[in-house]
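>>> Next one to model:
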Amino acid sequence: EFSELLPRKVNFETDNDLFTFEFTSEWTLYVAKYIIGIAAAASFDYNYAEVLFIEVENHLSKIQTNFPVFTKLKKRLPNRIAEINLSLAGHYLELWLENRDNSYIDNITHHLNKVPKSAQNTYSYYILKSIELFLKDRDVSSAILTLKKCKQVEDPTWHTNLSFLYAFEGNLRDAIRQYRIAEEFPFHPHSLSQIEEFICRIIDDEPDKYQLYYILGYFNWKIKGDTKQANKDFEKFLECRVENEY
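Down below sits the predicted model:
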């Protein structure tokens with residue numbers, strides 16, 4: 001983006017040299033702040049990066065010009081701001097899993113609300129938004145509708161998350177159907193641990209949702225290949241089962 005956005009060579013016309021110099025200095029200033037913002041984000045200094053991006057965005061919103069570089073910046077800034085807030089929302093989700101502190105859910109909501117509307121049509125946003133809808137209000141129906149927007153994405157995460165939501169509702173048939181689809185995709189090791197931790201956390205919080213042991217067993221059996229743990233999960237499901245339910 002350095003080579004794409006920064007001026008490589010500037011020629012001053014003698015009749016208009018002062019204006020050209022002033023314009024070029026603004027051009028360089030905004031692009032430099034944008035680049036520094038990217039560097040800050042890459043170094044996990046998200047707050048500083050966001051300050052720089054918003055500052056550049058506010059300046060450019062006051063400028064009426066079709067200058068190509070400014071047009072590119074205006075188009076990219078909402079996506080950069082979205083990336084920062086989605087990263088922070090994901091960070092607080094991990095903290096919630098690690099510390100079992102529900103106050104982190106408000107942080108997830110806060111950062112998802114800061115994602116510009118023009119940048120909300122992304123896979124990462126839908127994944128995190130569906131989780132937030134469930135964690136905050138147990139709004140399973142809205143979370144399912146949000147995940148279904150990912151239908152064109154070939155990735156296992158939204159299928160496993162959808163499976164969890166179906167299971168939470170008691171719909172084990174559709175839950176297992178989603179896991180069978182997810183089996184066809186490769187999983188990142190970190191995702192495997194997150195999925196298991198998330199299900200176990202919800203079972204701890206709501207033991208009456210014992211049907212989650214069933215999908216946990218299927219997950220350990222078919223996706224993790226841990227048949228010993230899968231047996232324990234299925235046995236726990238049968239132990240908790242009420243009469244002829246399921």
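
>>> switch to C-alpha atoms for all contacts and neighbour counts from now on
Noted.

>>> What's the first helix or strand after the longest helix belonging to the chain?
Longest helix in the chain, counting residues (DSSP state H): helix 68-99. Moving toward the C-terminus from helix 68-99, the next helix or strand (DSSP states H and E) is helix 103-113.

>>> packing partners for the very next helix or strand once past that next one?
Next along the chain after helix 103-113, taking DSSP H and E as the criterion, comes helix 123-137. In terms of contacts (3 or more Cα pairs under 8 Å, 6 or more residues apart in numbering; DSSP states H and E), helix 123-137 is packed against helix 68-99, helix 103-113, helix 140-147.

>>> Run the chain-centre distance for helix 123-137.
8 Å (Cα atoms, centre = their mean, to the nearest Å).

>>> Just the terminal-to-terminal distance for stretch 116-128.
One end of stretch 116-128 to the other measures 15 Å (Cα to Cα, to the nearest Å).

>>> Which secondary structure state is assigned to residue 154?
Three-state call for residue 154 (DSSP: H, G, I helix; E, B strand; the rest coil): coil.

>>> show me what contacts it?
Going by Cα atoms under 8 Å, 6 or more residues apart in numbering, residue 154 touches residue 185.

>>> hang on, the earlier thing: okay if I get the helices and strands packed on helix 123-137 as CSV plus distance to residue 228, mean neighbour count and mean pLDDT?
Converted to CSV, the helices and strands packed on helix 123-137 look like this (distance: least, Cα to Cα, whole Å; neighbours: other Cα atoms under 10 Å; pLDDT from 0 to 100):
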stretch, distance to residue 228, mean neighbour count, mean pLDDT
helix 68-99, 24, 18, 91
helix 103-113, 33, 18, 96
helix 140-147, 31, 18, 98
